[in-house]
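Engineer: everything below, folded, please.
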Amino acid sequence: MRPLTILGVAYPFAPVSPDAVGGAEQVLARLDAALVAAGHRSVVVARTGSRVAGTLVAVPAEEGAIDDEVRARGHARHRAAIATALRDHPVDLIHLHGIDFSEYLPPPGAPVLATLHLPPSWYPPDALHPRPPGTWLHGVPAPRSGARHLAP
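Structural biologist: Numbering: from 1, shown residues only. The predicted model follows:
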């Protein structure tokens, strides 16, 4: 079996690491490490300061409150970093993890998997319906331990 190249794309405003504050960032860090350990290539688009086992395509961190201007700048930087990663690496799958994934969907090409780490109602309706061809959504099951997602 030939090694795969997976492009993992994090939420633009939180670093990825095994001990990150956010669950989605921890999941991406674990997937990245498992891919590398299994002999595959992992490329991760994430905020500067992220710690990954594969190749990091670092996006400058935004400082201060995340307002509309900061959010727009972060999304633009993420789109540029994704374009760079796609230019520099033969990607087999793009795996998106941010709640705002629809703001930096890559152009048609490699298949796209967006993992919904939060309840579907938290995502903009246009992110879920309709989707570009070749884009799949995967929901994460609700926690069983009695823990709940907190409203944003």
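Engineer: so which elements touch the strand ranked longest in the chain?
Structural biologist: If you go by DSSP state E, the chain has its longest strand at strand 41-47. Strand 41-47 sits against strand 5-9, helix 23-37, strand 55-59, helix 68-88, with contacts defined as 3 or more C-beta pairs under 8 Å, 6 or more residues apart in numbering; DSSP states H and E. (Glycine included, C-beta is placed from N, CA and C.)
Engineer: and it, how far out from the chain's middle?
Structural biologist: In terms of C-alpha atoms, centre = their mean, to the nearest Å, the centre of strand 41-47 is found 9 Å from the chain centre.
Engineer: each with direction, which strands does it pair with?
Structural biologist: strand 5-9 (parallel), strand 55-59 (parallel) (DSSP bridges).
Engineer: what's the most buried one of the ones you listed?
Structural biologist: strand 5-9 (a mean of 24; mean count of other C-beta atoms under 10 Å).
Engineer: for the nearest residue to residue 97 once chain neighbours are set aside, give me its contacts.
Structural biologist: Sequence neighbours aside, residue 24 is the residue nearest to residue 97 in space, at 4.7 Å (criterion: C-beta to C-beta, 6 or more residues apart in numbering). Contact analysis of residue 24 by C-beta atoms under 8 Å, 6 or more residues apart in numbering lists 10, 11, 97, 98, 115, 117.
Engineer: hang on, the third one packs against residue 115?
Structural biologist: Yes: Residue 97 lies in contact with residue 115 (C-beta atoms under 8 Å); the separation is 5.6 Å.
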